[in-house]
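S.K.: Give me coordinates for this.
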Amino acid sequence: MTKVKSLITKFAAATAFFFSAVLFVGANTASSGMIHQPKAPESLRRFSKIK
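M.R.: Model prediction:
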């Protein structure tokens, strides 16, 4: 029983670390994607509803 509990604990820790890493990378990727907004071409200005 002790070996099984130890194995489950190690697996849970590794899984938590993996998901934390995925969340960290995903959050930073989304943040940098929102900050970098390239300029729209001037030719698109004629389609704007805001003058």
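S.K.: Could you look up the SS state of Ile12?
M.R.: Wrong residue type there; residue 12 is Ala, not Ile. helix (DSSP: H, G, I helix; E, B strand; the rest coil).
S.K.: the strands in the chain, which residues?
M.R.: For the chain, strands defined by DSSP state E do not occur.
S.K.: Any regions of it where pLDDT drops low?
M.R.: Along the chain, the parts satisfying pLDDT under 70 run over 30-37, 51.
S.K.: Distance of Thr2 relative to Ala13?
M.R.: Counting by Cβ to Cβ, to the nearest Å, the separation of Thr2 from Ala13 is 17 Å. C-betas here are computed from N, CA, C, even on glycine.
S.K.: Correction: the previous question concerned Asn28.
M.R.: For Asn28 relative to Ala13 (Cβ to Cβ), the value is 23 Å.
S.K.: Phe19 too?
M.R.: 11 Å.
S.K.: If you count surrounding residues, which of Thr2 and Ala13 has more?
M.R.: Ala13 (10 against 6; other Cβ atoms under 10 Å).
S.K.: now that one: how far from Leu23?
M.R.: Taken as Cβ to Cβ, the span from Ala13 to Leu23 is 16 Å.
S.K.: Thr15 now?
M.R.: 13 Å.
S.K.: Please name the residues that touch the most centrally placed residue in the chain.
M.R.: Closest to where the C-alpha atoms of the chain average out (Cα atoms, centre = their mean) is Gly26, at 1.2 Å. If you count contacts by Cβ atoms under 8 Å, 6 or more residues apart in numbering, Gly26 has none.
S.K.: Count residues in the vicinity of Glu42, would you?
M.R.: 7.
S.K.: With Phe18 instead?
M.R.: Phe18, neighbours per other Cβ under 10 Å, totals 10.
S.K.: can you check Ser6 too?
M.R.: 10.
S.K.: now swap in Ser43 and tell me
M.R.: Counted with other Cβ under 10 Å, Ser43 comes out at 7.
S.K.: Also Ile50?
M.R.: By other Cβ under 10 Å, neighbour count at Ile50 equals 4.
S.K.: State the distance from Gly26 to Phe17.
M.R.: In terms of Cβ to Cβ, Gly26 sits 15 Å off from Phe17.
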